[in-house]
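S.K.: Model the following, please.
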Amino acid sequence: MIPNEQYITILPEIILTIVGMLIMVLDPLLPPAASRKPIGWIAFAGTLAALASTFYQALHATGGTGFFGMVRLDAFSVFFHVVVILISALAVLSSLDYLEAQNIRSGEYYGLILFGTVGMGLLSSAMELVMLFIALEISSISTYILAGYRRRVAASAESSIKYFLLGSFATAFFLYGVALIYGATGTTNIAAISQSLRAGHISSLAYLALVLMFVGMGFKVAAAPFHVWTPDVYEGAPAPVVALMSTGPKAAAFALMLRVLFGSFGELSQWWLPLIWISAALSMTIGNLGALMQNNVKRMLAYSSIAHAGYLLVAFAARQEMGITAAIFYAASYAAMNLGAFVVVSHFASRGERYVSVDDYAGLGRRSPVLAATLTIFMLSLIGIPLTGGFFAKFYVFSAALKANLVWLTIIGLVNSAVAAYYYLRLIVVMYMKDGDDSVQLTPVPFAVASALLIAAGLTIYLGIMPGRVLEYATRSAQDLMR
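M.R.: Have a look, this model is predicted:
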């Protein structure tokens with residue numbers, strides 16, 4: 001690309017950075033007691049502008065690279081840009097009234113979301129391992145801070161510290177792996193690493209680098225056995241932040257994993273396949289069994305996210321274009337349904353996040369039929385019931401696994417899906433078939449929260465009824481990745 005056109009490859013990141021800086025400048029100018037909602041709406045407008053720029057990229061500029069090949073603009077990067085920016089937009093919407101209810105008046109909250117989104121976007125388009133590491137840190141540092149944003153709550157501070165310490169430890173593994181693969185191949189370019197591994201003798205450093213980088217990436221996607229941070233962090237972090245960090249950074253981390261495993265280490269797939277197989281089986285089993293024993297909805301959904309990371313890794317194990325397509329589609333479907341579920345939890349929890357127990361949801365179907373129906377849609381999609389995005393996501397994943405002769409992994413996945421139905425249906429049963437406690441206060445659903453829920457529920461149903469166009473673009477994304 002010519003110099004001016006290079007900036008098109010990072011156009012969403014430029015917009016998000018400018019709006020984030022504007023927010024950081026405006027926040028100190030407002031009186032301390034003033035509402036930060038106007039700043040939140042500016043952040044939301046920034047995400048919409050970034051989303052529009054991504055569609056511009058898709059229509060006019062896919063297939064090029066910029067900045068000496070460090071960033072690639074293709075269908076794969078565009079797809080994940082749309083996913084993570086849309087997630088951030090809905091997270092901002094769900095936070096507008098939440099921050100007011102929690103008496104948090106800090107405009108930099110929205111700036112951190114936008115800066116984190118910059119990192120998430122670069123994770124899908126970077127073609128250099130060093131650039132991927134920088135993008136990973138941009139995304140991670142923002143979420144470390146956001147996790148502890150309820151500063152007066154000890155559990156929130158604890159979750160932030162745990163997330164930071166364990167995240168830094170995992171990042172060190174990834175960075176050390178990058179150093180070793182540079183020593184083995186003499187480059188950190190993803191395509192050049194693949195060419196070097198195909199060209200001749202593979203150094204033992206390359207195998208060690210693969211293992212170390214897998215540890216770092218496994219932590220970021222909350223896959224077993226690197227999942228131990230997830231329940232405590234999700235429980236203590238603010239609910240809208242959990243909605244963001246359980247979907248956006250995870251989708252971006254899966255994009256990173258796809259780029260690294262299939263872009264750089266495709267020649268070593270016979271070596272990383274056992275790692276993926278074991279991690280997928282452990283994630284599904286540990287995640288679902290852990291969720292069965294939870295009465296806290298945030299912890300239940302935390303273990304659920306571990307299980308869904310396992311389902312997604314099943315698609316990785318297929319190692320075919322169909323498997324990559326299934327993984328990409330699953331990431332989008334999971335983002336819509338899980339973010340929607342956490343938005344409901346965020347609103348229902350009320351001031352101080354008092355109502356986070358499954359029993360607190362008793363009678364919700366009678367007291368707020370629309371809110372209960374929306375949460376039911378997300379729960380049914382997480383199960384994988386037809387007419388929801390979760391159904392087709394699991395269908396494509398297990399179909400790809402069977403075509404790759406991963407019969408036992410498919411059986412483990414199907415059994416775990418049946419187990420998962422219990423704790424999702426349990427919440428639905430409590431909402432509709434148990435009498436509620438009048439001491440649980442239910443506040444009206446604000447416009448911003450209602451909009452976020454409507455968009456998330458609409459996308460969940462759309463992906464379950466008409467998945468064709470999204471699946472077609474996911475297929476094109478997989479083809480670009482393989483090239």
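S.K.: Based on its surroundings, how many neighbours for the closest residue in space to His60 that isn't next to it in sequence?
M.R.: Counting by Cβ to Cβ, 6 or more residues apart in numbering, His60 lies nearest to Ile8, which is 7.8 Å off, once chain neighbours are set aside. (C-beta placed from N, C-alpha, C; glycine too.) Neighbour count for Ile8, taken as other Cβ atoms under 10 Å: 18.
S.K.: So Ile8 versus Val19, what's the distance?
M.R.: 18 Å (Cβ to Cβ, to the nearest Å).
S.K.: Skip the chain neighbours and tell me the closest residue to the most centrally placed residue in the chain.
M.R.: For the chain, Thr247 is the residue whose C-alpha lies nearest the centre (Cα atoms, centre = their mean; 2.5 Å). Counting by Cβ to Cβ, 6+ apart, Ala335 is the residue found nearest to Thr247 once chain neighbours are left out, at 4.2 Å.
S.K.: Name all residues that make contact with that neighbour.
M.R.: The contact partners of Ala335, by Cβ atoms under 8 Å, 6 or more residues apart in numbering, come to Val83, Leu86, Ile87, Thr247, Gly248, Ala251.
S.K.: ok, 6 Å please
M.R.: By Cβ atoms under 6 Å, 6 or more residues apart in numbering, the contact set of Ala335 is Val83, Ile87, Thr247, Ala251.
S.K.: now Ile138
M.R.: By Cβ under 6 Å, 6+ apart, the contact set of Ile138 is Val118, Gly119.
S.K.: cool, Ile385 as well?
M.R.: Taking Cβ under 6 Å, 6+ apart as the criterion, Ile385 is in contact with Phe391.
S.K.: what about it, which SS state?
M.R.: Recorded secondary structure, Ile385: coil (DSSP: H, G, I helix; E, B strand; the rest coil).
S.K.: Could you check how far it is from Met300?
M.R.: 18 Å.
S.K.: what's the distance between the residue nearest to His60 and Leu371?
M.R.: 41 Å.
S.K.: before we move on, what about Ile461?
M.R.: As it turns out, when the distance is counted by Cβ to Cβ, Ile461 lies 16 Å from Leu371.
S.K.: Show me which of those two is the more surrounded one.
M.R.: Taking other Cβ under 10 Å, Ile461 and Leu371 do not tie; Leu371 has more neighbours (22 against 17).
S.K.: Helix, strand, or coil at the more buried one?
M.R.: helix.
S.K.: got it, and Ile278?
M.R.: With three-state DSSP as the basis, Ile278 sits in helix.
S.K.: Could you count how many residues lie near Ala191?
M.R.: For Ala191, using other Cβ under 10 Å, the count is 16.
S.K.: cool, and Gln294?
M.R.: If we define neighbours as other Cβ under 10 Å, then Gln294 has 19 of them.
S.K.: any chance you could map the helices in the stretch 101-250 of the chain?
M.R.: For the stretch 101-250 of the chain, applying DSSP state H, counting those that start in this stretch gives helices covering 108-125, 129-147, 154-185, 190-199, 204-220, 230-236, 239-245, 248-258.
S.K.: Return the most buried member of these.
M.R.: Ranked by mean neighbour count under mean count of other Cβ atoms under 10 Å, these are led by helix 239-245, which reaches a mean of 29.
S.K.: Mean pLDDT per element in the chain, and the minimum belongs to which helix or strand?
M.R.: The weakest-scoring helix or strand in the chain, judged by mean pLDDT, DSSP states H and E, is helix 3-6 (a mean of 68).
S.K.: Which other helices and strands does the helix or strand just after that helix contact?
M.R.: Using DSSP states H and E, the helix or strand that follows helix 3-6 in sequence is helix 11-26. Identification of packing neighbours for helix 11-26 by 3 or more Cβ pairs under 6 Å, 6 or more residues apart in numbering; DSSP states H and E yields helix 37-60, helix 108-125.
S.K.: Mind checking the pLDDT average for the shortest one?
M.R.: Pointing back at helix 108-125 there. Across helix 108-125, pLDDT averages out at 93.
S.K.: what pLDDT does Gly436 get?
M.R.: Reading off the model, Gly436 has pLDDT 69.
S.K.: what residue ranges in this structure are flagged as low confidence?
M.R.: 1-4, 61-63, 351-352, 436-440 (pLDDT under 70).
S.K.: Which positions in stretch 338-351 come out as buried?
M.R.: Using 16 or more other Cβ atoms under 10 Å as the test for burial, stretch 338-351 gives 338-350.
S.K.: Would you format those residues as CSV with secondary structure and distance to Trp271 included?
M.R.: As requested, the buried residues of stretch 338-351 are exported to CSV (DSSP: H, G, I helix; E, B strand; the rest coil; distance: Cβ to Cβ, whole Å):
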residue, secondary structure, distance to Trp271
Asn338, helix, 31
Leu339, helix, 34
Gly340, helix, 38
Ala341, helix, 36
Phe342, helix, 36
Val343, helix, 40
Val344, helix, 42
Val345, helix, 40
Ser346, helix, 42
His347, helix, 46
Phe348, helix, 46
Ala349, helix, 44
Ser350, coil, 50
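S.K.: Just the closest of those to Leu114, please.
M.R.: Nearest to Leu114 out of those is Leu339 (Cβ to Cβ; 16.8 Å).
S.K.: Test my guess that that closest one contacts Gly248.
M.R.: No - using Cβ atoms under 6 Å, Leu339 makes no contact with Gly248, being 8.3 Å away.
S.K.: Can you pull the residues that touch both of the two?
M.R.: Between them, Leu339 and Gly248 share the contacting residues Ile87, judged by Cβ under 6 Å, 6+ apart.
S.K.: can you state the direction angle for the host helix or strand of Phe329 and helix 248-258?
M.R.: Per DSSP H and E, Phe329 falls inside helix 321-349. On the basis of axes from the mean of the first three to the mean of the last three Cα atoms, to 10 degrees, helix 321-349 is oriented at 170 degrees to helix 248-258.
S.K.: which helices and strands sit right next to the helix or strand following helix 321-349?
M.R.: Using DSSP H and E, the next helix or strand after helix 321-349 towards the C-terminus is helix 364-367. Contacts defined by 3+ Cβ pairs under 6 Å, 6+ apart place helix 364-367 against helix 407-433.
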